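Undergrad: Need a 3D model of the sequence below.
(chains A and B)
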Amino acid sequence: MARKSLALALLILALALLPPWLLSSYRLFQLTMVVVYAIAILGLDMLTGYTGQISLGHGAFYAAGAYTAAILMASFDVPYWATLPVAAVICFGFGFAFGFPALRLGGLYLALATFGLAIAVPQLLKLKLFEDWTGGVQGIVISKPDPPFGLALSQDQWLYLFTLAVGVLLFLIARNLLRGRIGLAMRAVRDRPVAAEAMGVDIAMLKTRTFALSAMYTGIAGALGAIAVQFVAPDSFSVFVSITLFVGLVVGGVTSLLGAVLGAIFIVFVPNLADQISKAAPGAIYGVILIGFLMLLPAGVASLARRALAPRRAMTNQGETR
Amino acid sequence: MKYLLWAAVLATLGLARAEAGDMPGVSATEIKIGQTMPYSGPASAYGADGRAEVAYFKMINDQGGINGRKINLMSVDDGYSPPKTVEQTRMLVEQEGVSFMFNGLGTPTQTAVQKYLNMKKVPQLFVATGADKWGDYQHFPWTIGYQPSYRVEGQIYAKYVLKTKPDAKVAIIYQNDDFGKDYFNGVKDIFGDKYAKMVAKDISYEVTDPTTDQQVVTLQASGADTLMIFATPKFAAQIIRKVYDINWHPQEFLTNVSISVGAVLKPAGVEKAVGIITGGYIKDSTDPAWANDQGMKDWLAFMDKYMPGADKTDGNYTYGYAVAMTLAHVLKECGNDLSRENIMKQATNIHALEIPVFINGITVNTSPTNFHPLRQLQLARWNGKTWERFGDIIEGNGS
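TA: Coordinates of the predicted model:
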């Protein structure tokens, strides 16, 4: 099993390294966005999939990361790569501060509290108080980074490889974390909180830290997204961002690293497909496709890969293998 | 190896430069044009613009196209989300290889691609937004606006006040964002040195304010006899009602954004709004004055044939028809030289172009130093039932 997983991961990585030499700049940009959303969905998955805490407000952390990168680049001339650790720290802190009180709310109530956060963010970004930094409704336009060391790459090729490298690193960290003691504690809190507490897990602290970590991942994704799109504005971070991430999570498959990537592919490409099918009601087509996926693959697209890899393995109610 | 080579070339030259005489997106039989529109999402009502434009070019193609070429307007959905606009615009420019972008809708969405398009030297023609910043030909020579900007509208109200009532004491209430400030700056442009003398009080409100009652009371206390309301629909309705309820009777001017009967005047009380002045430039299909107007008759025939079932009272269809007609003029003028340079050149050399669905006397004018195609309005007064046009066409400043 482990060998098969490793082989699959290496195969995916090898495939991911091909596009810069095969695809157009525009396709590379799309794939960059796939990596960005995959990181964001992975962040959400830690909280919602592994720990069982539903968040409909991760767009807020995505926005926080994006604005951190944009403000640092536009107002303080910080190089793009240096904005990522700052975005990570800020979003971790933001997540911790918000998560501490919010996680006292369980289940649906937490979902609503985080949803409130997602609704508030675009308006907060327009506040006059921060306008010198945020640019108000006009947003901030930033420049695309050039490849370093005089590498013979286009900006899009470089940005894709850079984003991919950050993504791979974050996925490896997440994998080690989730497969280890902490991941076990998270799942225990999700499935049997009483038993987990009896085993000595500090539930409140674990949930808060997971929330902060999850916010951090999504925040880093936001920063990478801002660098790729070269623009941030309050209208970029409507409540739909949160919903979109949630859709990606569920369609891709919860508690699955591969699922995060598949979910990201879904949210980047399916809306375009819907628009091509009908200009009159792209939303309706998208809805139909989404329902179709949920009917046919209720455990997410990643469950297909799981079945192929481990046909006879027992699954938990979340569809994951241990 | 081939790709490495290409990458090296691109890296040294900077991103693809348009070469002179090059005509991307143009073949012997077709011109490919790109557009992003909010067909889904919060601003989807404006999708009507794009649908009218696609239908207009279908009509043009049925009539044989322009200079023998068919127009292929590829209008795609961006859901009013700037990241999506970037993605879709890049798809149109890099994958589809469109000649230029046309009438993309939304200030934040078009801002997101302005730098990209200017770097690539792809014309961003006639963007569908009321912000004033689209006329910045020095920094963004490949971007041009279309409709009268909020600032021009503010200038026109100020000009009217100066002409009809030079001793007026003006009060101004505006939304504290780029929308409101554009109007505010327009009024300042015209009053100039006289601003301090003319304006008794100006005050702003935040979109997050629950009500604007306090501001209205403060403005009344300033002793003003004229009130300019630069507010979005919800607030405009509040202000109009409050002004009436505190028994203040200034001459009110109202931004054209908030003249909807259903969304503003009815909630405010149609009788409380009597006498309010606004400005417009498109013929309103519900205005009986245009019943026998040839321009509107042609538009109605177009709607019946190419957009059957669409709501003919929706001004967005008239707008889309008008801007598509303007583009058709530009492409005709280009003749056989459809290079991006020449398209931009023709788009910025339009002289007194009459568009039959614009109020008679309002024309499209551009020049290499004027990227604001429409700068005129005719005023109209609310009589309790309809907006009644009156007076001459008034022109604002350049920018």
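Undergrad: Let me know the pLDDT of the residue nearest the centre of chain A.
TA: Closest to where the C-alpha atoms of chain A average out (CA atoms, centre = their mean) is residue A:40, at 0.9 Å. pLDDT recorded at residue A:40 is 95.
Undergrad: And the helix or strand that contains it, what does it pack against?
TA: Using DSSP states H and E, residue A:40 maps to helix A:25-45. Judged by 3 or more CB pairs under 8 Å, 6 or more residues apart in numbering or on different chains; DSSP states H and E, helix A:25-45 is in contact with helix A:19-22, helix A:58-76, helix A:155-179, helix A:203-229, helix A:239-252, helix A:257-277, helix B:82-90. Placement of C-beta: from N, CA and C, glycine included.
Undergrad: Tabulate those (TSV), appending mean neighbour count.
TA: Converted to TSV, those look like this (neighbours: other CB atoms under 10 Å in any protein chain shown):
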stretch	mean neighbour count
helix A:19-22	16
helix A:58-76	26
helix A:155-179	19
helix A:203-229	26
helix A:239-252	24
helix A:257-277	22
helix B:82-90	26
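Undergrad: Tell me which of those lies nearest to residue B:265.
TA: helix A:239-252 (30.1 Å; CB to CB).
Undergrad: mind listing the helices for the stretch 251-399 of chain B?
TA: B:266-268, B:294-306, B:315-334, B:340-347 (DSSP state H, counting those that start in this stretch).
Undergrad: so which of these gets nearest residue B:193?
TA: Going by CB to CB, the one of these nearest residue B:193 is helix B:266-268, 34.9 Å.
Undergrad: For the closest one, the averaged confidence score.
TA: Per-residue scores along helix B:266-268 average to 88.
Undergrad: got the contact list for residue 188?
TA: By default, I'm working from chain A. Contacts for residue A:188 were tallied using CB atoms under 8 Å, 6 or more residues apart in numbering or on different chains; they are A:195, A:196, A:199, A:201.
Undergrad: nope, chain B please
TA: Neighbours of residue B:188 in contact, by CB under 8 Å, 6+ apart: residue B:195.
Undergrad: and the host helix or strand of it, which residues are buried?
TA: Using DSSP H and E, residue B:188 maps to helix B:178-191. By neighbour count on 16 or more other CB atoms under 10 Å in any protein chain shown, the buried set for helix B:178-191 is B:178-184, B:186-191.
Undergrad: who touches the next helix or strand after that helix?
TA: With elements assigned by DSSP H and E, the helix or strand that comes after helix B:178-191 is helix B:195-198. For helix B:195-198, contacts defined as CB under 8 Å, 6+ apart pick out B:161, B:162, B:168, B:169, B:170, B:187, B:188, B:191.
Undergrad: Which positions in the stretch 151-300 of chain B make contact with chain A?
TA: B:176, B:177, B:178, B:179, B:206, B:207, B:208 (CB under 8 Å from any CB of the partner chain).
Undergrad: show me the contacts for the residue lying closest to the second one once chain neighbours are set aside.
TA: By that I understand residue B:177. In space, and not counting its chain neighbours, residue B:177 is closest to residue A:137: 5.2 Å by CB to CB, 6 or more residues apart in numbering or on different chains. Shown in contact with residue A:137 (CB under 8 Å, 6+ apart): A:126, A:233, A:234, A:235, B:107, B:108, B:177, B:178, B:179.
Undergrad: Highest neighbour count among those?
TA: Compared across these, residue A:233 has the highest neighbour count, 28 neighbours, by other CB atoms under 10 Å in any protein chain shown.
Undergrad: so where's the stretch 101-250 of chain A uncertain?
TA: Applying pLDDT under 70 to the stretch 101-250 of chain A flags residues A:128.
Undergrad: these two touch, right, residue A:55 and residue A:110?
TA: Yes. Applying CB atoms under 8 Å, one finds residue A:55 in contact with residue A:110, separated by 7.1 Å.
Undergrad: who has more neighbours, the two?
TA: residue A:55 (31 against 23).
Undergrad: So the more buried one, which state does it fall into?
TA: coil (DSSP: H, G, I helix; E, B strand; the rest coil).
Undergrad: re the thing from before, may I have the helix holding residue B:188 exported as PDB, CA atoms only?
TA: Once non-C-alpha atoms are left out, helix B:178-191 reads as follows in PDB (Å, rounded to 0.1, in the frame of the first residue of the first chain):
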ATOM      1  CA  ASP B 178     -14.700  55.800  -5.800                       C
ATOM      2  CA  PHE B 179     -18.200  56.000  -7.200                       C
ATOM      3  CA  GLY B 180     -19.200  58.900  -4.900                       C
ATOM      4  CA  LYS B 181     -15.900  60.700  -5.100                       C
ATOM      5  CA  ASP B 182     -15.900  60.700  -8.900                       C
ATOM      6  CA  TYR B 183     -19.100  62.800  -8.700                       C
ATOM      7  CA  PHE B 184     -17.700  65.000  -6.000                       C
ATOM      8  CA  ASN B 185     -14.600  65.700  -8.100                       C
ATOM      9  CA  GLY B 186     -16.800  66.500 -11.100                       C
ATOM     10  CA  VAL B 187     -18.600  69.200  -9.200                       C
ATOM     11  CA  LYS B 188     -15.300  70.600  -8.000                       C
ATOM     12  CA  ASP B 189     -14.000  70.700 -11.600                       C
ATOM     13  CA  ILE B 190     -16.800  73.100 -12.500                       C
ATOM     14  CA  PHE B 191     -17.100  75.200  -9.400                       C
END
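Undergrad: Residue B:285: what's its closest spatial neighbour, skipping adjacent residues?
TA: Once chain neighbours are set aside, the closest to residue B:285 by CB to CB, 6+ apart is residue B:312, at 5.4 Å.
Undergrad: Correction: the previous question concerned residue B:265.
TA: residue B:273 (4.9 Å).
Undergrad: tell me the SS of residue B:73?
TA: Going by three-state DSSP: residue B:73 is strand.
Undergrad: And it, what's its pLDDT?
TA: For residue B:73, pLDDT reads 96.
Undergrad: Kindly report the same for residue B:377.
TA: 93.
Undergrad: burial measure for it, as a count.
TA: Counted with other CB under 10 Å, residue B:377 comes out at 24.
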